[in-house]
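Trainee: Provided below are the primary sequence and the corresponding predicted coordinates.
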Amino acid sequence: MARNPVDVYRGLLGTNLEYNLRDQLDSVATRFTDFQFLGSKVSLHLTRFLSLFTKLVAYLDSRNRATLADVTEAIDVLDYVTSTSKWWSMTRNDPGLILRPPSREPRGFIKSITDLQFGTNTLSRISGAAEKLTRFLEEHELADETLRADLRESFVSSWSILCAFACKGQGRNVIAESDFESAYDVLRILVFHVPREDFRALTVIRSLGSNSVLPKTANVGFSPGFERKLNSSLAAKLEKTHGEHLAEMAAATSGASRTILTNSLRFLGQLQAVRQGIERLEDDHYDQTIVESLQMFEQIGVSPKFLQSESGAMELFQKLKLNSDVEERIQLLTRRFEGLIVDSTGNKDFLLQYARLVPRLIALLLLLATSTKNSSETPLEDIDLKRGLILLNDLING
């Protein structure tokens, strides 16, 4: 659902950035102080961009005072448009941020825009959009002239660097009017249409993928006795009995969805073992592992009924239907996780040694995403995956 522009502009104008947050923004941008773009330092344009999105995510949380967490999310938005591809094809009908693996190194990419030239009419298009924004703010009597000017400059810088990123990302050296049109539309979509969960998900997936607990979790083993008890559990029986409901998602999840309940319990058991300093789960750990797994779901506001009864599991399985584009989104998200985990461990063979880690993580993610849906009639959508990511982050961080 689109946000009201007057409300959003009023929120942006009324959101305060403390001095320490401005220092944080500057610390990110200062590495580009020596580079020029559109008559100003690249660092100035980046600071304005980051300031705009810091205020936006604070406003979307109904706050008028930004925090360091908001700065982090703004930085992840910048990372998104500088390290990934095809973001400029975002539409208002499909405004989600696609959580795909990076295709380039962002710092070098940012520096590369200094070589770009503006086409004849592109600058006039930016100037015209800025004047239109100023008139809109004045007509609605939003804030004073100084604050309106600051917001205008933030939008001008954001349009300018976004059209440069779109141009460079498509391998061209002259910024055309079409690049401005893409930048203008994308910025409006980001400001007025992208759900709050999407901005949060950018930060959450990076945080999860680089979380030091994941390699430790992968290293926890299972005794044959523990495995026997899990394989004869109610969860395993339900997976076997109602496997037809899980087959559709198997291709998108490398088979992880076929055992979505038991895979999730294995991951939760390993997570509990890490917290308790246990290297291997024995058969006498089983009962307590199940009890604590149920408690972990309850602590993040998710009912664990899908692990406690056949009717609860059936309700979950019936919700495991994919929207048309979600299979690809799951695969991209999986690759993103894999890349982050490999980077954080510094071991390119890590996922060869612990091949079951990511499928178990994805199984738990899907379980959380599905369990929060109200209706079994609607398919699983991209926004559900992002809500599941946020819950998964809450669960892993305790």
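Mentor: Structure's in. What do you need? Numbering: from 1, shown residues only.
Trainee: tell me which element residue 391 falls in.
Mentor: For residue 391, the host element (DSSP states H and E) is helix 382-396.
Trainee: try residue 302
Mentor: Remark: residue 302 resides in no helix or strand, with elements defined by DSSP H and E.
Trainee: That one contacts residue 391, doesn't it?
Mentor: Yes - the pair residue 302 and residue 391 passes the contact test of CB atoms under 8 Å, sitting 6.5 Å apart. Heads up, the C-betas are built off the backbone N, CA and C, glycines and all.
Trainee: so what sits against both of the two?
Mentor: Counting by CB atoms under 8 Å, 6 or more residues apart in numbering, the contacts common to residue 302 and residue 391 are 368, 372.
Trainee: from the middle of its chain, how far away would the helix holding residue 391 be?
Mentor: Here helix 382-396 shows a centroid-to-chain-centroid distance of 9 Å under the convention CA atoms, centre = their mean, to the nearest Å.
Trainee: re earlier: and residue 302 and residue 391? Which one has more around it.
Mentor: residue 391 (22 against 18; other CB atoms under 10 Å).
Trainee: Enumerate every residue touching that one.
Mentor: Applying CB under 8 Å, 6+ apart, the residues near residue 391 are 300-302, 368-369, 372.
Trainee: swap in residue 51?
Mentor: The contact partners of residue 51, taken as CB under 8 Å, 6+ apart, are 17, 22, 25, 74, 154.
Trainee: out of the residues you listed, what pair is the most spread apart?
Mentor: Pairwise distances across those (CB to CB) peak at 13.1 Å, for the pair 22 and 154.
Trainee: Show me which of the two is the more surrounded one.
Mentor: A count of neighbours by other CB under 10 Å puts residue 154 above the other of residue 22 and residue 154, at 20 against 16.
Trainee: Which strands or helices does the helix or strand harbouring the more buried one pack on?
Mentor: Secondary structure assignment for residue 154, by DSSP H and E: helix 145-169. Judged by 3 or more CB pairs under 8 Å, 6 or more residues apart in numbering; DSSP states H and E, helix 145-169 is in contact with helix 5-13, strand 36-37, helix 42-60, helix 68-83, helix 106-112, helix 122-139, strand 174-175, helix 177-192.
Trainee: who wins for proximity to residue 396 among the ones you listed?
Mentor: Each of the helices and strands packed on helix 145-169 has some distance to residue 396 by CB to CB; the shortest is helix 68-83, at 17.1 Å.
Trainee: For the closest one, buried residues please.
Mentor: With burial defined by 16 or more other CB atoms under 10 Å, the residues of helix 68-83 counted as buried are 70-78, 80-83.
Trainee: cool, and stretch 88-100?
Mentor: Taking 16+ other CB under 10 Å as the basis for neighbour counts, the residues of stretch 88-100 that come out buried are 88, 90, 95-100.
Trainee: Average pLDDT for it, rounded please.
Mentor: Averaging pLDDT along stretch 88-100 gives 92.
Trainee: Same question for stretch 208-221.
Mentor: Per-residue scores along stretch 208-221 average to 96.
Trainee: Closest to residue 395 out of the contacts of residue 51?
Mentor: Among the contacts of residue 51, residue 74 lies closest to residue 395 (CB to CB), at 25.3 Å.
Trainee: residue contacts, residue 299?
Mentor: With CB under 8 Å, 6+ apart as the criterion, the residues that contact residue 299 are residue 395.
Trainee: how much space between it and residue 180?
Mentor: For residue 299, the distance to residue 180 (CB to CB, to the nearest Å) stands at 48 Å.
Trainee: Next: residue 17.
Mentor: 27 Å.
Trainee: So for the two, which sits in the more crowded spot?
Mentor: residue 180 (27 against 17).
Trainee: what's the distance between that one and residue 167?
Mentor: Where residue 167 is concerned, residue 180 sits at a distance of 9 Å (CB to CB).
Trainee: Also residue 367?
Mentor: From residue 367 across to residue 167, the span is 42 Å (CB to CB).
Trainee: about what we covered before: just the CA trace of the helix holding residue 391, in CSV.
Mentor: Listed in CSV are the C-alpha atoms of helix 382-396, where the atom choice follows Å, rounded to 0.1, in the frame of the first residue of the first chain:
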residue,chain,number,x,y,z
ASP,A,382,8.3,-12.4,-0.9
ILE,A,383,7.2,-10.2,2.0
ASP,A,384,6.5,-13.4,4.0
LEU,A,385,10.1,-14.5,3.4
LYS,A,386,11.3,-11.2,4.8
ARG,A,387,9.1,-11.4,7.9
GLY,A,388,10.4,-14.9,8.4
LEU,A,389,14.0,-13.5,8.1
ILE,A,390,13.3,-11.0,10.8
LEU,A,391,11.8,-13.6,13.1
LEU,A,392,14.8,-15.9,12.4
ASN,A,393,17.2,-13.2,13.4
ASP,A,394,15.2,-12.7,16.6
LEU,A,395,15.3,-16.4,17.3
ILE,A,396,19.0,-16.9,16.7
